[in-house]
Structures are given as structure tokens and as C-alpha cells.
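**Q** Predicted structure and sequence below. I'll ask about it afterward.
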Amino acid sequence: MESVLSGMRPTGKLHLGHLEGVLKNYVEMQDKYKAFYMVADWHALTTDYEKPKNITENTVEMYIDWLSVGIDPKKAVMFVQSAVKEHAELFLLLSMITPVPWLERNPTYKEQKQELKEKDLSTFGFLGYPVLQAADILVYRANKVPIGEDQRPHLELAREIVRRFNNYYGEFFPEPKEILTMYPKLPGLDGRKMSKSYNNAIYLADSAEETEKKVKMMFTDPLKVKKNDLGHPEECVVCAFHKIYNGEGIDTVEKECKEGTRGCVDCKKQLAALLNARMAPIRETRAQFENKPDLIRDIIKDGNARAAAAAVETMAGVRHCMKLG
């Protein structure tokens, strides 16, 4: 069976954007691949190295969210990056053969230095994080990596590192291939990308009442002030959510909106009911795990051990190839 590796930074509770964009794929992949799902706590430090205090708490919350949506620790290897020290060793060795210009041309490096001007990102850790990502993938000799279109340059860099390693030391690593993840764009309450940073997210941990309150705050078509005004559903956040959660009902929503026979208040009430129906089983499962901290610790410990066993085997092969030890 082929293996797949994916990771998420533990930056806080997960929201509907994560559910639609990442977690649904995680659940599907655990039945198709030998799946390694990583809490990328070292990666969280590349941009937030001054604020490490919440990483442990956020890691536990991430495990609870993963479990609540159906990721099965008996199928997938769920682990914490920093608990498997072989990541760091492989990162160091791959750093030796990675030319600095490869990292400097990384488009994400340039974009984030421009977008995150309030942070000092002139660090080796930030420049070199694509090498750490390559180590994350290769230490499990993963064949596949789920990515979005914007992440292609990172995976191509990992493949270039593989070719360089195999050329110097002999064929050892497989070139990882992408699984392009296609998912619907889910906006935040204000129409921007759903993000904790923008305070515009609906979290998996939100109660039904909190969800209903947030839906009431959603941005709607500014030209549709009264119920009878003709609406423009393509300009409405509420309609964007209906497209995902209302199934065949979206045609009726858009038709009534355009004809001025549907009011925004009723439209939001219907959406809140749909979201709460979708999230009810997730909340129920989440509550069960929240009350079992010992079970969460055991799942983390077991996943870390299984990941470490695979990584140790890989690193023995790497050292042999490089005539180390």
C-alpha cells in the first residue's frame, strides 16, 4: 500500500474551512493509503517562534478535532512532529545538499515576508522550512502528498532534493507525487478567507447557539436591503454556504433570492439549521473525547511510537547510503 503524509500547524481550534478543505480528505485517505497525519508543531515556530506557549494546548485540541470528524487512530498514524527526532536529523542532512538559491526562489517565502511585515522572518528556520517539509515527507518515504495548487513549488523542491540525494548517494527515496485536493472555497463570515486571524470563523467546537449567532453576522448582498429587493447570490456569503450545505436546494435559494421572494433573515435561519445538522454528530463525538484526556494522551503516545518506528527504519537506510555511523 502506498503511503501519504500530511500535516497541520497547531495554531488553534479547527473550523469549517479546515473541515471542507482538509479533514474530509483525511478521512477518505485513511482507507486508501498508509496515512501519516502530523501535528506540525516545529513548523508553527517558523513564523511564531516568540509565542510557543499555546502549542501543547493547541495540539490536544487538534487531536480532538481530528477524532471528532472521523479520523481513526487505528487506521491513520496520528503523531506530533517534535516527538519524532528523526525529522530533525534528516532535515540537517538534507540541508547539507540543498542550495540556498533553491530556497530564496520559493514564492511563498517572498509572499509571506511581504504579507507578515509585523514579524521578523529573517531567520534560517523560515528560509529553510521547505527543507523541513521535505524531511517530513521523506522520513516516511511517502509516495503521495495532498496539496493545493499553490503548494506545488514546495513539493517540486522536495522532489529536487530527492533527485540530488539519490544522485549523490544512490537510489533510496521515492519521488513524492501530489494528490491535488479540489475543495469548495468557504469564505469567512465577512467574505474574506475563513481564518482564526480574521476572527471570522465557525469552529467545529462551536455550540449550536454560537453557530446560529455567527450565521446572523454573515455578510450579505449589500444591494438587497429588503426582502423584495432583487438579490445577487454571487455576492452573498450566506449563499456561498448554501452551495455547500444545501444540496439540490441551492437552486431554489438562488432563484428566490434573485426574484426577491426570499429574505436574508429566513435564508440565514435555514442555513444555521443546515450547519447545525451537519455539525451535530461532530459535536457529539467531540464532547466524548473532551472528557477523556487520558485516552487522548494514549492516542498521541501510540501514534508517536508508530511514526518513530517508521522514521528510525528510514534513517538507518539514510545513514547507510551516506556512509555515516
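**A** Received the coordinates, thanks.
**Q** how close does residue 251 sit to residue 228?
**A** 20 Å (CB to CB, to the nearest Å). (C-beta placed from N, C-alpha, C; glycine too.)
**Q** go on, residue 201?
**A** Counting by CB to CB, the gap from residue 201 to residue 228 is 32 Å.
**Q** ditto for residue 81
**A** For residue 81 relative to residue 228 (CB to CB), the value is 55 Å.
**Q** now swap in residue 53 and tell me
**A** 53 Å.
**Q** For the two, work out which one has more neighbours and name it.
**A** Shown here are residue 53 and residue 228; by other CB atoms under 10 Å, residue 228 has more neighbours (11 against 8).
**Q** Was I right to think residue 211 contacts residue 279?
**A** Yes - counting by CB atoms under 8 Å, residue 279 is a contact partner of residue 211 at 6.8 Å.
**Q** what about these two, which has more around it?
**A** Using other CB under 10 Å as the criterion, residue 211 and residue 279 rank with residue 279 on top: 24 against 21.
**Q** which intervals of the stretch 101-250 of the chain have sub-threshold pLDDT?
**A** 114-115, 117, 182-184 (pLDDT under 70).
**Q** ok, now with 90
**A** 104-126, 147-154, 180-186, 193, 195-199, 223-229, 247-248 (pLDDT under 90).
**Q** Report the buried residues of stretch 210-227.
**A** Residues of stretch 210-227 classed as buried: 211, 212, 214, 215, 218, 219, 220, 221, 224 (neighbour count, 16 or more other CB atoms under 10 Å).
**Q** and what of stretch 93-108?
**A** 93, 94, 95, 98, 103, 106.
**Q** Output it as CSV, restricted to C-alpha atoms.
**A** Provided in CSV are the C-alpha atoms of stretch 93-108 (Å, rounded to 0.1, in the frame of the first residue of the first chain):
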residue,chain,number,x,y,z
LEU,A,93,21.4,16.1,6.4
LEU,A,94,19.1,17.4,3.5
SER,A,95,20.2,21.0,4.4
MET,A,96,23.7,20.0,3.5
ILE,A,97,22.8,19.3,-0.1
THR,A,98,20.1,21.9,-0.7
PRO,A,99,21.5,25.1,-2.5
VAL,A,100,20.4,28.3,-0.8
PRO,A,101,19.1,29.8,-4.1
TRP,A,102,16.5,27.0,-4.3
LEU,A,103,15.1,28.3,-1.0
GLU,A,104,15.3,32.0,-1.9
ARG,A,105,13.3,31.5,-5.1
ASN,A,106,10.4,29.9,-3.1
PRO,A,107,7.4,32.1,-3.9
THR,A,108,5.8,31.5,-0.5
